[in-house]
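Chemist: Here is my input, please return the structure:
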Amino acid sequence: MKALIMMLLLMPAITKASEIECLANIMFSEARGESVEGVIAVGHASINRSKVSKQKICNLKGVTRQQAPKAVKDSYIALAKSALSSKSVVGKADSWERGVIPHRAGSITRRIGKHVFYMMAGL
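Modeler: Model prediction:
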């Protein structure tokens, strides 16, 4: 029991329910129609952006947050939790573009599905 309490105390603030829901909405809005790996990749890049910009997921700029419909909401919540607990599939990428090479200065780290993931200079 002590170990569980310590683990919960040491978990980052992002694991709050509202932050998980915000991440799920970003993943739904920005990557629906992609493979599970593509959806998780958007989640990882969002988490990276949160760390780099020192902003909570719910306060990130430059992302779409359309609420997932009830029929798929639980699936995206589960994907968001998975993104939070897994190793990044996009390295340190904190940004993405769909189907095009980034128009901003940045270093491409990976392409997954229709997304190009990159580290944005000066985020």
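Chemist: As a check, name the ranges of all helices in this structure.
Modeler: With DSSP state H as the definition, the chain shows helices at residue ranges 2-10, 17-31, 36-53, 70-85.
Chemist: which outside residues touch the third one?
Modeler: Think helix 36-53. Defining contact as Cβ atoms under 8 Å, 6 or more residues apart in numbering, one finds that helix 36-53 is touched by 14, 23, 26-27, 30-32, 34, 55-57, 60-61, 63, 76, 79-80, 82-84, 86, 88-90, 92-96, 110, 112-115, 117, 123. Every residue, glycine included, has its C-beta placed from N, CA and C.
Chemist: Nearest to residue 106, out of the helices of the chain?
Modeler: In terms of Cβ to Cβ, the element of the helices of the chain nearest to residue 106 is helix 36-53, at 11.3 Å.
Chemist: Buried residues in that closest one, which are they?
Modeler: Taking 16 or more other Cβ atoms under 10 Å as the basis for neighbour counts, the residues of helix 36-53 that come out buried are 38-50.
Chemist: Is it possible to mark the buried ones in the contacts of helix 36-53?
Modeler: Buried residues within those, defined by neighbour count using 16+ other Cβ under 10 Å: 14, 23, 26-27, 30-31, 34, 57, 60, 63, 76, 79-80, 83-84, 88-90, 93-96, 110, 112-113, 115, 117.
Chemist: ok, back up a step: if you average pLDDT over each of the helices of the chain, which is lowest?
Modeler: Ranked by mean pLDDT, the helices of the chain end with helix 2-10 at the bottom, a mean of 47.
Chemist: Once you drop chain neighbours, what's closest to residue 95?
Modeler: For residue 95, the nearest residue in space outside its immediate sequence neighbours is residue 120; the separation is 4.3 Å by Cβ to Cβ, 6 or more residues apart in numbering.
Chemist: thought that neighbour was touching residue 97?
Modeler: No. With contacts defined as Cβ atoms under 8 Å, residue 120 does not count as touching residue 97, sitting 10.3 Å away.
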